[in-house]
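Peer 1: here is my input, please return the structure:
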Amino acid sequence: MSKLIQNLVSFGLTEKEASSYLALYKLGEATAYQVAKESGVKRPTVYVIMEELRKRGLALIVPHATKQVFLAKNPHEFIREFQSRTNENMRSLLASLPSLSHPDTNTIIFKGPGALVQGLSYGLRGLKDKEMIAFYAPVKKGVKIGSEYLDHVKQRHEVGFKLRSIVPTVSDDKIFRDLDKKYGYRSKKISSQVFNPEISIEVCGDLTKTIIHNKREVIVVRDQGVADFYRQVFEMLWEK
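Peer 2: As a prediction, this is how the structure comes out:
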């Protein structure tokens with residue numbers, strides 16, 4: 001496709017419309033047969049295209065001719081009209097956008113295969129060397145700990161997090177407490193009679209992650225107010 005045809009296509013014409021218009025513009029005035037011969041587009045198609053170009057303001061039918069003769073209009077006028085329509089459509093779109101609903105990109109739900117890995121690791125690199133606070137659900141006896149959780153602990157260490165966590169007294173979590181000692185993390189155990197959740201929550205920076213273990217899902221909320229609320233609750237329990 002020639003550069004001229006590419007330019008016309010970018011203004012909304014088809015390749016055949018662009019070829020026919022350029023042939024007509026070159027000829028000045030021409031019949032459908034002449035345009036077809038010059039452009040390589042079949043004559044029956046040229047008649048259809050000429051009507052479309054006429055509607056677009058790129059061609060005219062020459063009046064009083066013994067045969068149907070077409071005349072190419074100067075493309076400058078068409079381009080000005082195209083720009084005007086485009087600008088008006090853009091203004092209309094921008095004016096309408098505030099009234100449209102749109103997905104909340106501050107909340108992401110990770111579910112399905114690989115959800116734990118994706119959710120637990122999401123955003124960690126951007127929070128390097130910060131403190132994470134966490135409320136952890138108990139590890140039940142006899143339940144095998146998934147590799148995703150152990151990898152998450154190692155990743156936190158690699159990023160450089162400091163960690164303080166609150167866990168129930170009933171938690172069978174020796175492997176995690178050993179990793180706490182290894183990486184210099186701190187944890188506090190609270191009686192399972194007052195704290196025995198089914199989910200875990202991690203907070204760092206403006207990110208709050210809710211880990212739904214039985215569904216293997218992670219809900220990530222990026223909101224400073226939500227994160228600060230959990231920090232306040234955490235500090236009350238930590239100092240208790």
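Peer 1: can you tell me the SS state at residue 123?
Peer 2: The assignment at residue 123 comes out as coil when based on DSSP: H, G, I helix; E, B strand; the rest coil.
Peer 1: wait, doesn't it sit right on residue 207?
Peer 2: Yes: Residue 123 is in contact with residue 207 according to CB atoms under 8 Å; the separation is 5.2 Å. (Each C-beta comes from the backbone N, C-alpha and C, glycine too.)
Peer 1: now do the contacts for the closest residue to residue 133 other than its chain neighbours.
Peer 2: When the adjacent residues along the chain are set aside, residue 133 lies closest to residue 234, with 4.7 Å between them (CB to CB, 6 or more residues apart in numbering). Neighbour list for residue 234: 133, 135, 164, 166, 203 [criterion: CB atoms under 8 Å, 6 or more residues apart in numbering].
Peer 1: residues of the one helix or strand residue 234 maps to that come out buried?
Peer 2: For residue 234, the enclosing helix or strand under DSSP states H and E is helix 224-239. Neighbour-count burial for helix 224-239 flags 226-227, 230-231, 234 (criterion: 16 or more other CB atoms under 10 Å).
Peer 1: over to stretch 80-95?
Peer 2: For stretch 80-95, the buried set under the neighbour-count rule, 16+ other CB under 10 Å, comprises residue 82.
Peer 1: likewise stretch 59-71?
Peer 2: Burial within stretch 59-71, assessed by neighbour count using 16+ other CB under 10 Å, is assigned to 59-60, 69-71.
Peer 1: which of those lies closest to residue 185?
Peer 2: Closest approach between the buried residues of stretch 59-71 and residue 185, by CB to CB: residue 59, at 75.8 Å.
Peer 1: show me the contacts for the nearest residue to the closest one once chain neighbours are set aside.
Peer 2: Distance criterion CB to CB, 6+ apart; nearest residue to residue 59, sequence neighbours excluded, is residue 53 at 3.9 Å. The contact partners of residue 53, taken as CB under 8 Å, 6+ apart, are 17, 20-21, 24, 59.
Peer 1: so residue 53 versus residue 2, what's the distance?
Peer 2: Here the distance between residue 53 and residue 2 works out to 18 Å (CB to CB, to the nearest Å).
Peer 1: cool, residue 192 as well?
Peer 2: With distances defined as CB to CB, the gap from residue 192 to residue 2 amounts to 77 Å.
Peer 1: of these two, which one has the most company?
Peer 2: Taking neighbours as other CB atoms under 10 Å, residue 192 and residue 2 compare with residue 192 leading, 14 against 10.
Peer 1: just say helix, strand or coil for the more buried one.
Peer 2: Of the three states, residue 192 takes coil under three-state DSSP.
Peer 1: hmm, residue 168 and it touching each other?
Peer 2: Yes: contact status for residue 192 versus residue 168: in contact at 4.1 Å, counting by CB under 8 Å.
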